[in-house]
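> next one to model:
(2 chains)
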Amino acid sequence: MRFLALSLIGLGIACSSRSHPSLAPEVVSVQGITFAVDTTPEVTPLGPGPVRPLGIRVTWAGSRGRVDILSSPLRPVMKIGDVTVGRSQAQLVTSIFLTAPGSCWSDQR
Amino acid sequence: MRQYSALQISDAAFNYEGRRDGWPAFFSFAPTRVDTVPADSTITREHGEHRIYWHADIAKDTVCTVGGCSIEELARGRTTIADAPVAELIVARWFGPAQALGEIAGGISRLMDKPIRVTTVSPLTGIHRIRDLRTTSVLRASLTVPSDYVEVPWPGFPSSSFSKGVNLGGKWRTVPNGR
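Residues are numbered from 1 along each chain as shown, chains lettered A, B, ... in the order given. Below is the predicted model of the structure:
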């Protein structure tokens, strides 16, 4: 069974290699990939009204993923057909802590 | 108090062969009707199972929008969230494509600077272009939940809903293995 945890984090995680001066780089870090989601209107369909994508950065490494919420458009709660879209908790926290991202974790093991 | 909530992925798979494993025969489309509802409406606490179907492609046409596009398929997959507010699909839909790109044969070097597009079909459907795809060194600690975070249920969920069978979230505090 797989689980995904969404954190309501508003602060980045204050870790750096300097926090582990005695450890080799491969111990404190893992190779992975990262990309951003392009939210420019020219390339991203905005959807009806205020349904717009989040500005996010996605990272995958070491069998886990992480999504950092970089920006969140202000939008009301909407009902689209049978679907109601509220504010993501990650968005909510990001809106409170504007200087830091929200995050998500995924464990695929 | 810093908090986090957990949700369960009940099904997830992807492939690099273009197969639509587990996909419905076709997706039904209907006219969209948009209503704005009050933020404190109980309707915002609705939740349920959500199925996400996605594919990642390289768009070969620079002026391509929706349909009629010349593409190179990279991966197709599906993810089912057992029970969550719909809004969480905005982030949950990225985990399948992220894993597929992260584990693609030969790495992502040939994909850098290519116009990669990810389409996700779910209660929230979207076509997204990704940018700045690159390899990176990730701090293991950034892939864990900090020890001072406390798990809480999603708004509208019973208190018994969190971390069933996952050691009360303990797995998220464990540094992942891997190179």
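> next secondary structure after the lowest-mean-pLDDT helix or strand in chain B?
The least trusted helix or strand in chain B, going by mean pLDDT, DSSP states H and E, turns out to be strand B:34-36, with a mean of 67. Sequence order places strand B:47-59 as the next helix or strand after strand B:34-36, per DSSP states H and E.
> what about that next one, near chain A?
No. Counting by Cβ under 8 Å from any Cβ of the partner chain, chain A is not contacted by strand B:47-59; separation bottoms out at 9.5 Å. In this view, the C-beta of every residue, glycine as well, is placed from N, C-alpha and C.
> alpha carbons only: can I get that strand in PDB?
What follows is strand B:47-59 as a C-alpha-only set of coordinates in PDB (Å, rounded to 0.1, in the frame of the first residue of the first chain):
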ATOM      1  CA  HIS B  47     -13.900  14.400   0.000                       C
ATOM      2  CA  GLY B  48     -13.800  11.000  -1.600                       C
ATOM      3  CA  GLU B  49     -11.800   8.700  -3.900                       C
ATOM      4  CA  HIS B  50     -10.100  10.400  -6.900                       C
ATOM      5  CA  ARG B  51      -8.600   8.800  -9.900                       C
ATOM      6  CA  ILE B  52      -5.900  10.600 -11.800                       C
ATOM      7  CA  TYR B  53      -4.800   9.500 -15.300                       C
ATOM      8  CA  TRP B  54      -1.800  11.200 -16.800                       C
ATOM      9  CA  HIS B  55       0.600  11.200 -19.600                       C
ATOM     10  CA  ALA B  56       3.900  13.100 -20.200                       C
ATOM     11  CA  ASP B  57       5.000  14.000 -23.700                       C
ATOM     12  CA  ILE B  58       7.500  16.100 -25.600                       C
ATOM     13  CA  ALA B  59       5.500  18.600 -27.700                       C
END
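> kindly state the beta-bridge partners for residue B:5.
Beta-bridge partners for residue B:5, by DSSP bridges, are residue A:6.
> right, and it touches residue B:153 too?
Yes. Look at residue B:5 against residue B:153 with Cβ atoms under 8 Å: they come within range, at 6.4 Å.
> between the two, who's got more neighbours?
Neighbours were counted for residue B:5 and for residue B:153 using other Cβ atoms under 10 Å in any protein chain shown; residue B:5 has more, 23 against 15.
> can you give me the pLDDT of that one?
Here, the pLDDT recorded for residue B:5 equals 79.
> what does residue B:45 give?
69.
> and residue A:38, by the same measure?
Here the pLDDT value assigned to residue A:38 is 81.
> need the longest strand for chain A.
Using DSSP state E to assign secondary structure, the strand with the most residues in chain A is strand A:29-38.
> name the nearest residue to the residue most central in space within chain B, ignoring sequence neighbours.
The residue lying closest to the centre of chain B (Cα atoms, centre = their mean) is residue B:93, at 2.0 Å. Take residue B:93 and drop its neighbours on the chain: the residue closest to it by Cβ to Cβ, 6 or more residues apart in numbering or on different chains is residue B:120, 4.2 Å away.
> quick one, whatever helix or strand the one you found lives in and strand B:47-59 angle?
Following DSSP H and E, one finds residue B:120 within strand B:116-121. On the basis of axes from the mean of the first three to the mean of the last three Cα atoms, to 10 degrees, strand B:116-121 is oriented at 150 degrees to strand B:47-59.
> convert strand B:116-121 to CSV, retaining C-alpha atoms only.
Provided in CSV are the C-alpha atoms of strand B:116-121 (Å, rounded to 0.1, in the frame of the first residue of the first chain):
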residue,chain,number,x,y,z
ILE,B,116,7.7,18.7,-22.0
ARG,B,117,3.9,18.7,-21.4
VAL,B,118,2.1,16.8,-18.7
THR,B,119,-1.7,16.1,-19.1
THR,B,120,-3.6,15.0,-16.1
VAL,B,121,-7.3,13.9,-16.3
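> quick one: strands adjacent to that strand?
By DSSP bridges, strand B:116-121 pairs with strand B:47-59 (antiparallel), strand B:126-139 (antiparallel).
> list the buried residues of the longest one.
Yep, that's strand B:126-139 we're talking about. Within strand B:126-139, the residues scored as buried using 16 or more other Cβ atoms under 10 Å in any protein chain shown are B:126-130, B:133, B:138-139.
> among those residues, which two are most distant?
Pairwise distances across the buried residues of strand B:126-139 (Cβ to Cβ) peak at 31.7 Å, for the pair B:127 and B:139.
> fine by me, thanks again.
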